[in-house]
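In: Test case, fold it:
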Amino acid sequence: MDIATLAGMGAGFGLVLFGTLVAGLTPLDLFNAPSILITVGGGLSATIISNPITRLVNLTNFTKYAFSPVSYDLPQIILQMVAFAERARREGLLSLEDDVANLDDPFIKKGIQLVVDGTDPELVRSILDSDMQNIHTRHEDNAKFWGDLGFFLPAFGMLGTLIGLIQMLKNLGSGDPTAIGEGMAAALITTLYGSLFSNIVALPLKGKLMVRDSEEMIVKSVMIEGILSIQSGDNPRIVKDKLASFVPPSERAQLEEAGGG
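Out: Predicted coordinates for the structure are as follows:
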């Protein structure tokens, strides 16, 4: 569970609520059902229009990664690549065929199988790079849903404000300042909803999903470089040093303690 996502959203809404209370208002002063329908309902409707139905069906499947990320043990992946490099230098690339069936990660499995099959190194890189790019494109497409929602929510908030202003101007002839004040407050609440849900929910979720994408792309890059180094017969120590550049300095100690190469 990613505490940062939940804590950030909780802190955002909590601080807005705290500021509301400090300003002398109550939470009920900010609740307006028609404004919610216009802003959230309109924003969701426009987002649904701009996205394919398959993306909507899989909404929860990809959004969950903003709250529960996939855990990658990058140092362990590097050590696995180093172990493969050691075995390949001792026994040849064909000796890795026995390990392919035991690999859990389909990306590594595919790459090692290509190497064992004697595929040209440039073709191996091309195939794996294409796979990685397609994964990145799917991630961007999925995150687009929340980006679209973050774009449309403020727009429909402004639309709701215009509707509220029309209502206020309609009551202007009554001469009742109370009715005019209430109409103005209701008009501004829709803008508040649009900005609030866009900047605390929609856009941050898109940003977090793209962070997840960046994390996976780094892991895939390590796998590609490791597989190609194994195929070229690089010294295991060189393989480790090359792949260690992808790991933050604070985590490199784990590689040194593990030895290898």
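
In: which residues of the protein fall in strands?
Out: Secondary structure of the chain (DSSP state E): no strands located.

In: show me where it has helices.
Out: 3-22, 33-36, 42-49, 53-57, 59-63, 74-91, 97-100, 106-116, 121-170, 177-197, 203-232, 236-244, 252-258 (DSSP state H).

In: What about T47, how many residues nearby?
Out: Counted with other CB atoms under 10 Å, the neighbours of T47 add up to 22. (Glycine included, C-beta is placed from N, CA and C.)

In: M223: what's it in contact with?
Out: M223 makes contact with 77, 81, 105, 107-108, 111, 128 under the criterion CB atoms under 8 Å, 6 or more residues apart in numbering.

In: Tell me the one of those nearest E215?
Out: Using CB to CB, I77 is the member of the contacts of M223 that sits closest to E215, with 12.4 Å.

In: That closest one: how many residues sit nearby?
Out: By other CB under 10 Å, the residues close to I77 number 19.

In: Excluding chain neighbours, give the residue nearest to it in space.
Out: Once its chain neighbours are removed from consideration, I77 has its nearest residue in V222; the separation is 6.0 Å (CB to CB, 6 or more residues apart in numbering).

In: okay, the one you found: pLDDT?
Out: Listed pLDDT for V222 reads 94.

In: Equivalent analysis for I112, please.
Out: Note for I112: predicted pLDDT of 92.

In: likewise L203?
Out: According to the predicted model, the pLDDT of L203 comes to 96.

In: Helix or strand with the lowest mean pLDDT in the chain?
Out: Every helix and strand of the chain was ranked by mean pLDDT, DSSP states H and E. The lowest is helix 252-258, at a mean of 68.

In: Could you tell me how far A46 is located from I38?
Out: Applying CB to CB, to the nearest Å, one obtains 12 Å for the distance of A46 from I38.

In: Those two - which one has more neighbours?
Out: In this view A46 and I38 are compared by other CB under 10 Å, and I38 has more residues nearby, 22 against 17.

In: show me what contacts that one?
Out: I38 neighbours (CB under 8 Å, 6+ apart): 156, 159-160, 163, 190.

In: Go again with 10 Å.
Out: Taking CB atoms under 10 Å, 6 or more residues apart in numbering as the contact definition, I38 lies against 32, 156-157, 159-161, 163-164, 189-190, 193-194.

In: This completes my enquiry, with thanks.
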